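[1] Provided below for reference: sequence and predicted model.
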Amino acid sequence: MPSKSAYLSILNTALSTGGDYAEIYIEEKISQAVSIENGKVDASTVARTFGAGLRILQGVNSVYGYTNDVTAKGLLALANSLKNSFSGKQILHVESLKTKRVHNLHHVEEPLSEVSIEDKINFIRPGEKVMREYDKRIVRSKSGFLNSKTKVTIINSDGFIIHDEKERGRVILTAIASDGEKYETAFEGPGAVAGFEHFKRNVDIVALAKEAAKSAITMLGAKDCPSGKMTVVIGNGNGGVIFHEACGHSLEATSVAKNLSVFSNKLGTQIASKVVSAVDDGTIPNSWGSNNIDDEGNKTQKVVLIENGILKNYLIDTVGGRRMGMKPTGCARRESYKYEPTSRMSNTYICNGKSTPEEIIAATKLGLYAKTLSGGSVNPATGEFNFGCSEAYIIRNGKICEPVRGASLIGTGAEVLMNIDMVGNDCDRSNGMCGSASGYVPVDIGQPTIRVQNILVGGNGGELK
């Protein structure tokens with residue numbers, strides 16, 4: 001690694017043509033993966049990435065480059081190549097650097113990088129066996145354990161050197177069922193910023209495997225979902241993907257700062273039903289989407305986005321904050337050193353309400369119960385979305401009845417927020433990967449059970465009766 005004097009030279013070279021901020025981001029990551037498919041160990045891999053990115057800002061304009069040569073010479077060459085993006089005289093000169101202390105939010109007893117492959121295989125094997133033996137229509141069963149250890153060093157023109165280290169792990173369970181004509185897939189994927197002890201204590205892999213297999217078999221026998229506008233009850237945990245995608249991205253400065261979001265310039269106004277409050281919290285210990293610091297070196301925060309229907313805050317990175325005249329909220333993230341950081345969600349969820357899930361179902365005469373959601377698409381500028389339901393049922397006379405397949409939810413984030421009329425008290429979070437301008441990053445999505453009026457449901461089952 002370069003010396004402090006070398007870092008000063010690199011930063012000042014980057015600033016020499018009028019940049020007002022420069023930042024070096026150095027990353028070393030070791031990733032491990034092991035998996036079992038249909039009773040056999042399918043893969044065991046180790047990968048290592050190492051490189052650095054350099055960003056220069058001039059007002060709201062930025063230039064970014066990266067390299068695998070993290071020597072002083074290599075980083076200086078990168079700085080010289082990028083500085084020519086601006087024209088002007090040096091207005092900022094960095095005189096010294098000091099180390100900024102980072103508080104570790106996450107207690108770890110057994111580092112995942114030190115756990116043997118055999119122990120990981122022994123942990124996931126029961127899950128694969130349960131899925132494979134659950135029903136003869138399960139044609140593929142796969143369980144895996146993924147983990148990574150990342151060391152980051154950030155050196156910036158504010159005069160700081162910041163070091164951080166984190167380990168993430170995730171269990172992957174996939175069950176695919178087939179009757180010879182149709183296929184249905186069910187998935188479970190609990191993850192955490194934690195040690196192996198967390199998974200042994202908190203992840204019941206047999207129960208999760210049974211749930212995945214049961215879901216795949218249930219949906220295999222389901223009829224096509226009816227279509228039309230209807231009342232939809234969305235399950236807790238994974239159901240939070242609808243807020244994350246349809247609303248959360250529209251609250252990121254990436255789109256808000258350029259007036260490309262349906263929620264731009266809406267602070268202090270009502271954008272949701274009064275029963276809705278929502279939070280993005282990157283400080284939850286051991287949570288999959290948490291970080292000690294963001295990828296600009298700022299402390300992560302708990303940000304109240306919506307309170308009783310009123311828009312309170314956005315998720316803001318440095319460049320977005322400059323455009324908006326607002327301070328960063330510790331949410332700048334990137335997939336790796338190859339990406340420039342931008343505003344992203346971490347652990348985003350709708351807060352608990354006052355109703356029980358049973359009360360919400362009982363109060364619904366006819367509608368759809370979307371237990372879990374799958375992939376979809378959203379346009380942050382308009383909030384328009386289209387999401388699939390991986391497991392769904394018809395609600396009749398306040399009871400969950402027959403399963404239906406092929407259901408999709410269609411609408412806009414602004415509509416959904418205003419049409420939520422009941423919020424449960426069973427908030428839970430689910431783990432996933434979110435893709436956006438700065439690549440894929442780990443996130444938690446979550447909510448209690450909620451009820452939404454007048455969502456357009458797509459399906460091939462005709463009219464709901």
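    Perfect, thanks for sending it.

[2] and G435, how many neighbours?
    Neighbour count for G435, taken as other CB atoms under 10 Å: 9. No exception for glycine: its C-beta is placed from N, CA and C like everyone else's.

[3] On the three-state scheme, it is what?
    strand (DSSP: H, G, I helix; E, B strand; the rest coil).

[4] quick one, domains of the protein?
    Listed by automatic domain parsing, the domain ranges of the chain are 112-149+167-220, 224-458.

[5] how about those, which one is nearest K40?
    Among those, the nearest to K40 by CB to CB is domain 112-149+167-220 (9.4 Å).

[6] mind checking the end-to-end distance for the closest one?
    End-to-end span of domain 112-149+167-220 (CA to CA, to the nearest Å): 36 Å.

[7] Can you give the distance of that domain from its chain's centre?
    20 Å (CA atoms, centre = their mean, to the nearest Å).

[8] try stretch 97-107
    Offset of stretch 97-107 from its chain centre (CA atoms, centre = their mean): 23 Å.

[9] One more: stretch 257-268?
    The answer for stretch 257-268 is 21 Å, by CA atoms, centre = their mean.

[10] And the helices in the chain, which stretches?
    4-14, 72-83, 117-134, 196-202, 205-220, 241-243, 253-256, 318-324, 357-362, 413-419 (DSSP state H).

[11] of all the ones you listed, which lies closest to H163?
    Among these, helix 4-14 comes nearest to H163, with 12.9 Å by CB to CB.

[12] which residues touch the residue lying closest to L75 once chain neighbours are set aside?
    Spatial nearest neighbour of L75, excluding adjacent residues (CB to CB, 6 or more residues apart in numbering): I10 at 4.9 Å. Contacts for I10 (CB atoms under 8 Å, 6 or more residues apart in numbering) come out as P2, I24, L54, A72, L75, L76, A79, I155.

[13] would you list the domains of the chain in JSON lines and tack on mean pLDDT and distance to V34?
    Output for the domains of the chain, formatted as JSON lines (pLDDT from 0 to 100; distance: least, CB to CB, whole Å):
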{"stretch": "domain 112-149+167-220", "mean pLDDT": "97", "distance to V34": "5"}
{"stretch": "domain 224-458", "mean pLDDT": "96", "distance to V34": "18"}
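
[14] Can you say which of these is packed in most?
    domain 224-458 (a mean of 21; mean count of other CB atoms under 10 Å).

[15] can you give me the strands in the stretch 101-250 of the chain?
    For the stretch 101-250 of the chain, the strands defined by DSSP state E, counting those that start in this stretch cover 138-156, 160-178, 183-188, 191-192, 223-224, 228-234.

[16] how about the CA coordinates for the second one, as CSV?
    So that's strand 160-178. In CSV, the C-alpha atoms belonging to strand 160-178 read as follows (Å, rounded to 0.1, in the frame of the first residue of the first chain):
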residue,chain,number,x,y,z
PHE,A,160,-9.0,11.5,6.2
ILE,A,161,-7.9,7.9,5.8
ILE,A,162,-10.7,5.5,6.7
HIS,A,163,-10.3,1.8,7.1
ASP,A,164,-13.2,-0.7,7.3
GLU,A,165,-13.7,-4.4,7.3
LYS,A,166,-16.8,-6.6,7.0
GLU,A,167,-17.9,-10.2,6.4
ARG,A,168,-21.2,-11.2,4.9
GLY,A,169,-22.7,-14.6,4.6
ARG,A,170,-25.8,-16.0,3.0
VAL,A,171,-27.6,-19.3,2.8
ILE,A,172,-29.3,-20.1,-0.6
LEU,A,173,-32.1,-22.7,-0.9
THR,A,174,-33.9,-23.3,-4.2
ALA,A,175,-36.6,-25.9,-4.9
ILE,A,176,-37.9,-26.5,-8.4
ALA,A,177,-41.1,-28.6,-8.9
SER,A,178,-42.5,-29.9,-12.1
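
[17] Tell me what angle it forms with helix 117-134.
    Between strand 160-178 and helix 117-134, the angle comes out at 30 degrees (axes from the mean of the first three to the mean of the last three CA atoms, to 10 degrees).

[18] Please state the offset of strand 160-178 from the chain centre?
    11 Å.

[19] which strands and helices sit next to it?
    Packing partners of strand 160-178 (3 or more CB pairs under 8 Å, 6 or more residues apart in numbering; DSSP states H and E): strand 98-100, helix 117-134, strand 138-156, strand 183-188, strand 191-192, helix 196-202, helix 205-220.

[20] Save those as TSV, and put in distance to I316 too.
    As requested, the helices and strands packed on strand 160-178 are arranged in TSV below (distance: least, CB to CB, whole Å):
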stretch	distance to I316
strand 98-100	20
helix 117-134	38
strand 138-156	17
strand 183-188	32
strand 191-192	26
helix 196-202	31
helix 205-220	36
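
[21] right, and the ones you listed - which one's nearest D280?
    strand 191-192 (17.7 Å).

[22] Against which helices or strands is the closest one packed?
    Counting by 3+ CB pairs under 8 Å, 6+ apart, strand 191-192 packs on strand 160-178, helix 196-202.

[23] Which one of those lies nearest to Y369?
    Across the helices and strands packed on strand 191-192, closest to Y369 is strand 160-178 (CB to CB), at 20.4 Å.

[24] What strands line up against that closest one, and which way round?
    Note on strand 160-178: by DSSP bridges, its sheet partners are strand 98-100 (parallel), strand 138-156 (antiparallel), strand 183-188 (antiparallel), strand 191-192 (antiparallel).

[25] contacts for the last one?
    Spelled out, it's strand 191-192. R168, G169, R170, V171, H198, F199, N202, N286, S287, W288, N431, P442.

[26] which residues sit in contact with the closest residue to the fourth one other than its chain neighbours?
    Distances taken as CB to CB, 6+ apart place P190 nearest to V171, at 5.4 Å, with adjacent residues excluded. Contacts for P190 were tallied using CB under 8 Å, 6+ apart; they are R170, V171, F199, N202, V203, L208, N431.

[27] Good, wrapping up.
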